[in-house]
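**Q** No sequence on hand, only this structure:
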């Protein structure tokens, strides 16, 4: 097949128009040649010549009107061709498609709402757990402070110091204990002398 210069681009446009004929709506695709130039359009060629590449059927035409919200034009088109049954069928199909779309959107919105609610509940649970942890730490610190204050308030007993010293000479109890010339022998063992704590921090031993 010989394709003139620029024909590839025009052919590509024609393919795009044919592909868009279904989803974009019912429309005829014409190939028109004028002044040596080839053009593709959805309207008949001005001089009545040209080639019809795609012709929309009745279903496409009615669906196109319905998608555009032109229900009255769709009904008029169907009535003019005695296609009342086809019109009602396409009308029901459009309503079903709209209902399904609305249901999908409602399901998506409900799922999003459930996710948001779960996230909110989790956030509340995390906040409660953190609050309990802080309360437990504060309670432990308060108990430690109370124990420390109790220790500070306990009276401190400072025992008076003692010293070790030589024993004093014993008093004479009988004449034979001390004859006046020789004192009794002194023991080399120290004797414990307790001291007394006096007022003002003084000590008497």
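**A** Happy to help now that I have it. The model shown is predicted, which means the values in this text are computed figures rather than measured ones.

**Q** Mind jotting down where the strands sit in this structure?
**A** With DSSP state E as the criterion, the chain has strands at 29-34, 37-41, 51-54, 162-165, 191-194, 196-197, 203-204.

**Q** in the third one, what's buried?
**A** For strand 51-54, burial by neighbour count (16 or more other C-beta atoms under 10 Å) applies to residue 54. C-beta: built from backbone N, CA, C; applies to glycine.

**Q** now do the longest one
**A** Buried residues in strand 29-34, defined by neighbour count with 16+ other C-beta under 10 Å: 29, 30, 31, 32.

**Q** which helices and strands sit right next to that strand?
**A** Contacts defined by 3 or more C-beta pairs under 8 Å, 6 or more residues apart in numbering; DSSP states H and E place strand 29-34 against helix 7-24, strand 37-41, strand 51-54.

**Q** ok so, going back, which of the strands of the chain has the lowest mean pLDDT?
**A** Confidence, taken as mean pLDDT, is least for strand 162-165 of these (a mean of 54).

**Q** Please tell me how far residue 69 sits from residue 53.
**A** Distance of residue 69 to residue 53, computed by C-beta to C-beta, to the nearest Å: 28 Å.

**Q** on contacts alone, who are the packing partners of the helix ranked longest in the chain?
**A** Longest among the helix segments of the chain by residue count, using DSSP state H, is helix 84-153. With contacts defined as 3+ C-beta pairs under 8 Å, 6+ apart, the secondary structure elements packing on helix 84-153 are helix 58-67, helix 71-80.

**Q** Mind putting those helices into TSV with mean pLDDT, distance to residue 106 and mean neighbour count?
**A** Shown next, in TSV, are the helices and strands packed on helix 84-153 (pLDDT from 0 to 100; distance: least, C-beta to C-beta, whole Å; neighbours: other C-beta atoms under 10 Å):
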stretch	mean pLDDT	distance to residue 106	mean neighbour count
helix 58-67	86	22	19
helix 71-80	90	24	15
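
**Q** Ok, which of those helices comes nearest residue 139?
**A** helix 58-67 (68.3 Å; C-beta to C-beta).

**Q** so what's residue 87 closest to, chain neighbours aside?
**A** residue 78 (3.5 Å; C-beta to C-beta, 6 or more residues apart in numbering).

**Q** Provide a list of residues in contact with that neighbour.
**A** 58, 62, 84, 86, 87 (C-beta atoms under 8 Å, 6 or more residues apart in numbering).

**Q** Residue 48 versus the spatially closest residue to the third one that is not a sequence neighbour, what's the distance?
**A** In this structure, residue 84 finds its nearest non-sequential neighbour in residue 78, 5.9 Å apart by C-beta to C-beta, 6+ apart. As judged by C-beta to C-beta, residue 78 and residue 48 stand 28 Å apart.
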